[in-house]
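**Student:** Build me a model:
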Amino acid sequence: MAALLLALGCGACTTTSGQMSGQSPGPVAAAKGPTVAFESIDGPPQSVFSRLVQSLTAEAQARQVAVVSRAAPAQYRVRVYAATVVEPKRSVVSWVWDVYDQNRQRAFRLAGEEPVTGAGRTTWAAADEQVIQKIAGRGMEQLVAAMAQPTDAQAPQPAPSAQPDAPEKAPPVDDKAVTVAAFASAPAGE
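**Tutor:** Here you go, the predicted model:
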């Protein structure tokens, strides 16, 4: 739990947008697979941000995801965005995780919505522990599934054959084919 908490800057934002300080902890204990660094978590207020960091830490440990400091090299970098949506009869927290590869190209986008009950205009205040845990759990579940899919660079390539490919045979000639010739018409006045 401490690794993600430290990787996310001990839960302390250096700005209101969720940018985190660059502490350098080791990866989550017993982690396997690609390393992941959370670059930022934008959207939630500080109280929700702190609870989300704790839930992400627990989910990373449970799924053995190797989370490192954002200052450390990582195979994937994650930017989390969360926003509340209030409609006449429902309120939700919508979230998006943009996951970038080592070349800083977006590798995949993860997204979801969690309904919030009793929110009214204060959706963030009504985002209880269960909502926060669902965001962390579903996000981490999607992240693990996406990282398990081979990318173009990782996709297995067919093994070269021992013998070169034989050239394809030409189609048989049809002796009964009709030959058509095209004639250009003479210009007008000739």
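**Student:** how about the strands in the chain?
**Tutor:** Along the chain, counting by DSSP state E, strands occupy 32-42, 65-68, 76-87, 90-100, 106-116.
**Student:** Return the angle between stretch directions for the third one and strand 32-42.
**Tutor:** Going back to what we said before, that points to strand 76-87. If you take axes from the mean of the first three to the mean of the last three C-alpha atoms, to 10 degrees, strand 76-87 sits at 40 degrees to strand 32-42.
**Student:** I'd like to know how far Leu56 sits from Glu87.
**Tutor:** From Leu56 across to Glu87, the span is 27 Å (C-beta to C-beta, to the nearest Å). C-beta coordinates here come from the backbone N, C-alpha and C atoms, glycine included.
**Student:** for the strands of the chain, which one ends up most surrounded?
**Tutor:** strand 65-68 (a mean of 24; mean count of other C-beta atoms under 10 Å).
**Student:** quick one: Val85 and Pro115 touch, right?
**Tutor:** No. Taking contacts as C-beta atoms under 8 Å, Val85 lies outside contact range of Pro115: 10.1 Å.
**Student:** Which residues are in contact with each of these two?
**Tutor:** Common neighbours of Val85 and Pro115, using C-beta atoms under 8 Å, 6 or more residues apart in numbering, are 91-92.
**Student:** Test my guess that Trp97 contacts Val80.
**Tutor:** Yes. Contact criterion C-beta under 8 Å: Trp97 and Val80 qualify, at 5.3 Å.
**Student:** residues bridging contact with the two, i.e. touching both?
**Tutor:** Contacts common to Trp97 and Val80, judged by C-beta under 8 Å, 6+ apart, are Gly139.
**Student:** Tell me how far Ile132 lies from Gln75.
**Tutor:** Ile132 is 26 Å from Gln75, by C-beta to C-beta.
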